[in-house]
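Engineer: The following comprises the amino acid sequence and a computationally predicted model.
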Amino acid sequence: MATKDLSQYDINSVPSAENMRFGVVVAEWNFEVTSALANGAIDTLKKHDATDNNIFVKYVPGTFELPLGGQFFAEHENVDAIILLGCVIQGETRHFDYICEAVAQGTKDLNLKYNKPFIFGVLTTNNQQQAIDRAGGKHGNKGDEAAVTAIKMVEFKKSFLQ
Ligand code: DLZ
């Protein structure tokens, strides 16, 4: 996975997602950015053979709500991985720190609680331009990266169950 361009990866290193089922939770805050992340993630899942029938997209108000949205998916939908997409932009107060800390810890906790991949597709940037650059701009799309990570982690889990 590249660090400069979030969309650059070895296409042959990604297994087929033909029989995998994915939840995608998208934060509505900074929707110009998060909708681009979602488009990138969905396009990438499909590029690797996931079907529309196996991709379930839902929206939550903000990034803070992503872990709970992911938990609902784990409890009520038969999915192999859940991709959480958000964008937190630094403001004048410490709100940024609290949201970033909560969503990162919350996502980690979900992975371990459900023994299932919950992918951290959250941009945490100093300004809007940095976010746009990473949501289909000059640094690629973190949604693509999140989708590739989801597929790889589902395959990784499967390798222990065979
Ligand atoms: C309140 C807030 C602020 C200030 N900034 C962001 C942001 O940059 N990105 C984001 O996704 N959400 C933001 N929110 C909303 C919180 O995530 C959350 O929805 C509210 O605090 C309600 O729980």
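Structural biologist: Yep, that arrived.

Engineer: For K4, give me the pLDDT.
Structural biologist: At K4, the pLDDT value in this model is 66.

Engineer: ignore the last one, H48
Structural biologist: For H48, pLDDT reads 97.

Engineer: Flag every residue of this protein that's near the ligand.
Structural biologist: By the rule C-beta under 6 Å from any ligand atom, the part of the chain lying against the ligand is 27, 29-30, 61-65, 86-89, 91, 95, 99. Heads up, the C-betas are built off the backbone N, CA and C, glycines and all.

Engineer: Which members of the residues you listed occur in strands, if any?
Structural biologist: 27, 86-89 (DSSP state E).

Engineer: Quick one: buried ones out of these?
Structural biologist: 27, 86-89 (16 or more other C-beta atoms under 10 Å).

Engineer: Looking at the residues of the chain next to the ligand, which is nearest K142?
Structural biologist: When the residues of the chain next to the ligand are compared for distance to K142 (C-beta to C-beta), C87 wins out at 9.0 Å.

Engineer: dump the residue contacts of Y114.
Structural biologist: Y114 makes contact with 71, 74, according to C-beta atoms under 8 Å, 6 or more residues apart in numbering.

Engineer: one step back: now the buried ones among the ones in strands among the residues of the chain next to the ligand as TSV including pLDDT?
Structural biologist: What follows is those, written out as TSV (pLDDT from 0 to 100):
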residue	pLDDT
A27	98
G86	98
C87	98
V88	97
I89	97
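
Engineer: In this structure, where is pLDDT below threshold?
Structural biologist: 1-4 (pLDDT under 70).

Engineer: Noted, bye for now.
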